[in-house]
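In: Build the 3D model from these lines:
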Amino acid sequence: IGGTISFTSDIYSLGVLLYELVTGAKPYHFANSAPHEISRVICEQEPVPISGAISNFKFQISNLNPDNLNKIVLKTLRKNPSQRYQSVKALSEDIDRWLENRPVLAEFFASPEKLSPFDNKTENKHSIAILPFKLLNIGPAEDTGGDEYLSLGLADAIVTRLSGVQRLLVRPTSSVIRFVENSDAFAAGNELGVEFIVEGNIRRIGTRIRVTTQLLDVKGNSTRWADKFDEEFTDVLELEDSISERVAKSLLPQLTGEEKRRLDKRGTNDPQAYEAYLRGRFFWNQLVPEAFPKAIESFQKAVALDPNYALAYVGIADFYNWACIYGLFPSVVSVPKVYKAATRALEIDDSLGEAYAALGLYYSSIAEYETSDKYYRRAIELNPGYPLAHEWYGSNLTGRGLFAEGIREVKIAEQLDPFSMRAKTLTAWTAYQAHDFQFAAEKAREIIEFDPNFPQGYLQLSNVLQQLGRFEESLELSRKAVERMPDAPLPIYNLCFALVGTGRLDEARQLVKKLEETARESYVGTYFLAMSNLAIGEIDRTFYYLTKAIDEKNHWLLWLGTEPKLDPLRNDPRFDKLYERDKGLLSLKFAAHR
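Out: Okay, the predicted model is just below:
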């Protein structure tokens, strides 16, 4: 409104008509008919996705891809004219592609204000990052008692404590790990896109520990305050209390009663349990396979010392959730332990968003997706800055064919956790599952550029290139992924597809044989065995393993309705029987037709 009229204005008008034709509703809802209210809504609010505008949407056009139509309509209604179709012909051609069940050129779109919680300065919100503390007088490990965990562990604990105050948007620990060796806090703050940074040093002096810390105003390039905290080494809890309280009250002088209650709430009063928990978080945040056993050992020690330590139970639940995802244990072993630990955490503290998110993943694992959604939404309500809740919720939506909604959630997670390889990987994977191969490839290349040693970048790009028929390129990338994850079945089955695509069927068969031999000695995820057999054309064995995966409640079945590599099987009568085997999977069935 108030801008120059051009042909893109006609595109916008056509988009409004198309929206109404498809949904029977208008794209915007006005509180009243006052001109200023109409102008405000049109200029500031994004239309509701068409899948959410009418309840019977999926049944009206079930023979076509509704998510692609959603992309077309929303592209016509972009606020920025340069992001709309640049001609009526371009719009018409994309509609023809949709009617012919071909991929459309319109890309996913989510409004910036919904994607960037850290850009939202309304309601007196402040964004902040807690950098890992520097250890100043650390000698050999035998002399320090392994104090290294304090650097990241104390920062992580403060992140968790401050995240309970909803007017503070706190960068998660996974985004600040890369700054362990960084000496320029202001540069880190600019890179993280936050208003404030907490940095500090830890010095061990006999039986006491001294933390010197300061709160920095990134934009003003100034120090808001600096202070020293001294405690006995046996009571690091007091340090977390003091630093968290000082930071929160400096940024929010008038804390509400609920904010103060959440800020003051300790997870435990047992210093030894707290130290075990900090060690667990230290190992957990390393995100390497060899550290995970140390993490679960530390979390279990924490709850043994304090059976009412809710956050430690969340740590246990998260471990078994990831063990399930990566196929470390059968789902029948991992999933019940997730439920036991997460429900125990909520019995102790029903305000922990992290525990609700863990239960959300549990219910997703057993194919109760609507229940899972409720837990994810509750987790986000309690802790909107918790990226894992958005990641898992996004996966849940995508697996059921709600692609626009799913991609929006994983993009929010990436905005919250911009330096997390996990978040970037899930964005690429989600786009791949949505058959948006161009965006998935862009994100995968971004991962490789960001960290050439991280295997998932190669794996994600290989996946996409296989769908585009570029198998020679895919093969090179697949081999790089396997080199970096030598014993993991996920890159191995991906390599099988690349080998077959380049005419190396015998080599692929040898890999599958070796994977099945490994499965006789130790656990290998049945979904991975199914996919590797699919790669070499063993369709009967593919269905055998998919059936076993259903009986085992394998977490990867979330992608049964969307995985592009399964598309050739969808006309096989046995595929429909997979859904019938577990009624919970029926909600995925529609996704197969999107």
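
In: wouldn't residue 302 be in contact with residue 281 here?
Out: No - look at residue 302 against residue 281 with CB atoms under 8 Å: they stay out of range, at 10.0 Å. Quick note: C-beta positions are derived from backbone N, CA and C, even for glycine.

In: Show me whatever sits in contact with both of these two.
Out: Residues touching both residue 302 and residue 281 (CB atoms under 8 Å, 6 or more residues apart in numbering): residue 315.

In: Helices of the stretch 101-250 of the chain, residue ranges please.
Out: With helices called from DSSP state H, counting those that start in this stretch, the stretch 101-250 of the chain shows them at 112-115, 141-144, 148-163, 173-176, 185-192, 236-251.

In: Tell me which of these lies nearest to residue 588.
Out: In terms of CB to CB, the element of the helices of the stretch 101-250 of the chain nearest to residue 588 is helix 112-115, at 25.5 Å.

In: on that earlier part again, of all the helices of the stretch 101-250 of the chain, which one comes closest to residue 416?
Out: Distance to residue 416, taken as CB to CB, is lowest for helix 173-176 among the helices of the stretch 101-250 of the chain, at 8.1 Å.

In: Give me the contacts around the closest one.
Out: So helix 173-176 is contacted by 129-132, 152, 155-156, 159, 188, 192, 281, 285, 287, 387, 417-420, 422-423 (CB under 8 Å, 6+ apart).

In: redo that, cut-off 7 Å
Out: Helix 173-176 is contacted by residues 129-132, 152, 155-156, 159, 192, 285, 417-420, 422 when judged by CB atoms under 7 Å, 6 or more residues apart in numbering.

In: Using pLDDT, spot the least trustworthy of those residues.
Out: Lowest in pLDDT among those is residue 285, which has 77.

In: can you list the weak-confidence ranges in the stretch 51-200 of the chain?
Out: Along the stretch 51-200 of the chain, the model assigns pLDDT under 70 to residues 51-67, 103, 107-124, 137-147, 182-183.

In: could you pull out the strands for it?
Out: 126-130, 134-135, 168-170, 196-205 (DSSP state E, counting those that start in this stretch).

In: Format the CA atom coordinates belonging to the last one as CSV.
Out: This file holds the C-alpha atoms of strand 196-205, laid out as CSV (Å, rounded to 0.1, in the frame of the first residue of the first chain):
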residue,chain,number,x,y,z
PHE,A,196,24.1,-9.2,24.8
ILE,A,197,27.0,-11.5,25.5
VAL,A,198,28.1,-13.1,28.8
GLU,A,199,31.8,-14.1,28.9
GLY,A,200,34.0,-15.0,31.7
ASN,A,201,37.1,-16.8,33.1
ILE,A,202,37.3,-19.6,35.6
ARG,A,203,40.3,-19.9,37.9
ARG,A,204,40.9,-22.7,40.5
ILE,A,205,42.6,-21.4,43.7
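
In: check contacts around the spatially closest residue to residue 535 that is not a sequence neighbour.
Out: Nearest non-adjacent residue to residue 535, counting by CB to CB, 6 or more residues apart in numbering: residue 496, 3.7 Å away. Shown in contact with residue 496 (CB under 7 Å, 6+ apart): 508, 511-512, 532, 535-536.

In: sec struct for residue 496, please.
Out: Under DSSP: H, G, I helix; E, B strand; the rest coil, residue 496 falls in the helix class.

In: how close does it sit to residue 437?
Out: 20 Å (CB to CB, to the nearest Å).

In: and what of residue 418?
Out: From residue 418 to residue 437 the distance is 23 Å (CB to CB).

In: Residue 128 too?
Out: Between residue 128 and residue 437 the computed distance is 37 Å (CB to CB).

In: now swap in residue 577 and tell me
Out: 29 Å.

In: residue closest to the middle of this structure?
Out: residue 391 (2.6 Å; CA atoms, centre = their mean).

In: now that residue, what's its secondary structure?
Out: Going by three-state DSSP: residue 391 is helix.

In: wait, it sits on residue 410?
Out: Yes - Residue 391 lies in contact with residue 410 (CB atoms under 7 Å); the separation is 5.9 Å.

In: what is in contact with the two at once?
Out: By CB under 7 Å, 6+ apart, the residues touching both residue 391 and residue 410 are residue 426.

In: returning to what we had before: reformat the helices of the stretch 101-250 of the chain as JSON lines; add distance to residue 208.
Out: Listed next are the helices of the stretch 101-250 of the chain as JSON lines, based on distance: least, CB to CB, whole Å:
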{"stretch": "helix 112-115", "distance to residue 208": "45"}
{"stretch": "helix 141-144", "distance to residue 208": "14"}
{"stretch": "helix 148-163", "distance to residue 208": "13"}
{"stretch": "helix 173-176", "distance to residue 208": "26"}
{"stretch": "helix 185-192", "distance to residue 208": "25"}
{"stretch": "helix 236-251", "distance to residue 208": "11"}
